[in-house]
Each structure stands twice: as structure tokens, then as C-alpha cells.
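> With the sequence up front, the predicted model follows.
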Amino acid sequence: MTTISSEQMAMTDVKQSVISLRRLRFSMLLASLPFGMLQLGLPLIAREMGASAFVTGGLLSASALIIVAVQPVVGLGMDRFGRWPFLIVGLLSYAFSNAIFGLTSEIAGLFLAQLAQGIGSGL
């Protein structure tokens, strides 16, 4: 029978933590990369759809306002339920937002996508 020392168990825990952190970084990179590029082109897309400068400004600030509103509640939820459920819901929200951005042809759809993006970023 083989026994595992406390040093070996600690090394296993460290390796698992490093692997989890790498997965988290990679998932966040995949989730945020399209939005970084999309924010650069969003004013052009909104202008093509006939949006005024005021509406375009509101469109760009919509996700930031949602993030500010969502984060305090999410912080309390993370303390209670842990981080992983919120990470999964946030990534799903990013996927939903990407789908809306890709499928919409109206300004209201862009606002809905920004709302989903803000929720995903806040999580």
C-alpha cells in the first residue's frame, strides 16, 4: 500500500490550482476578445443602421452601466455560492450576446446584445 505524504498532496493541490487558473484565463480571453474588436466597429455598425450620435453613445455606455449595477449583487452571490456558477453564467451570457450581435439588423438588437454583454462582464 502506498501512502501519500503531505508534501505530495500539497504539490498536487498547487498543480490543480495552476491548471484551473490557466483554464480561467483562457476562457476569459476567448470571451472578451470578440468584444474588444466589436467595440471598435460598433459606432460604424450603428451608423449604418441609422443611429444618431446620441443613440450610439448610449449604445456604447449601456454595458458599462449594467456592469456597475450588477457587480455589487454578484459579489454577494459569489461569497455565498462560489465563483464557478457565475463564471459559467457569464460565459453563456457572452455567447448569447455574440449571437445577438451577429443576427441583429436593428438598433434595439444592438442594445439587447450590449445588455447581455454587460451582464456577462459583471459576472
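In hand now; what should we look at?

> What are the buried residues along the helix or strand Phe96 falls within?
In the assignment (DSSP states H and E), Phe96 maps to helix 84-103. Residues of helix 84-103 classed as buried: 86-87, 90-91, 93-94, 96-98, 100-101 (neighbour count, 16 or more other C-beta atoms under 10 Å). In this view, the C-beta of every residue, glycine as well, is placed from N, C-alpha and C.

> Which one of these is nearest to Thr12?
Leu87 (22.8 Å; C-beta to C-beta).

> Which two of the buried residues of helix 84-103 have the greatest separation?
Counting by C-beta to C-beta, the most remote pair of these is Phe86 and Phe101, 22.1 Å apart.

> coming back round to it: present the buried residues of helix 84-103 as TSV; the columns should include pLDDT and distance to Gly77.
Formatted as TSV, the buried residues of helix 84-103 follow (pLDDT from 0 to 100; distance: C-beta to C-beta, whole Å):
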residue	pLDDT	distance to Gly77
Phe86	86	7
Leu87	82	12
Gly90	86	12
Leu91	83	16
Ser93	88	14
Tyr94	83	18
Phe96	90	19
Ser97	88	20
Asn98	85	24
Ile100	91	24
Phe101	86	26
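
> from these, which is closest to Ile119?
Ser93 (4.9 Å).

> hang on, isn't the closest one packed against Gln117?
Yes. If you go by C-beta atoms under 8 Å, Ser93 and Gln117 touch, sitting 7.4 Å apart.

> sorry, back to before: which SSE is immediately downstream of the helix holding Phe96?
Counting by DSSP H and E, the next helix or strand C-terminal to helix 84-103 is helix 107-122.

> neighbouring contacts of stretch 115-123?
31, 35, 62-67, 69-71, 74, 86-87, 89-94, 96-97, 100 (C-beta atoms under 8 Å, 6 or more residues apart in numbering).

> Mind exporting the C-alpha coordinates of it to PDB?
Listed next in PDB are the C-alpha coordinates belonging to stretch 115-123 (Å, rounded to 0.1, in the frame of the first residue of the first chain):
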ATOM      1  CA  LEU A 115     -27.200  44.400 -22.100                       C
ATOM      2  CA  ALA A 116     -26.200  40.700 -22.300                       C
ATOM      3  CA  GLN A 117     -22.500  41.700 -22.700                       C
ATOM      4  CA  GLY A 118     -22.800  43.900 -19.600                       C
ATOM      5  CA  ILE A 119     -24.400  41.100 -17.600                       C
ATOM      6  CA  GLY A 120     -21.600  38.700 -18.700                       C
ATOM      7  CA  SER A 121     -18.900  41.200 -17.800                       C
ATOM      8  CA  GLY A 122     -20.500  41.900 -14.400                       C
ATOM      9  CA  LEU A 123     -20.400  38.200 -13.600                       C
END
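
> That's all I had, so thanks and see you.
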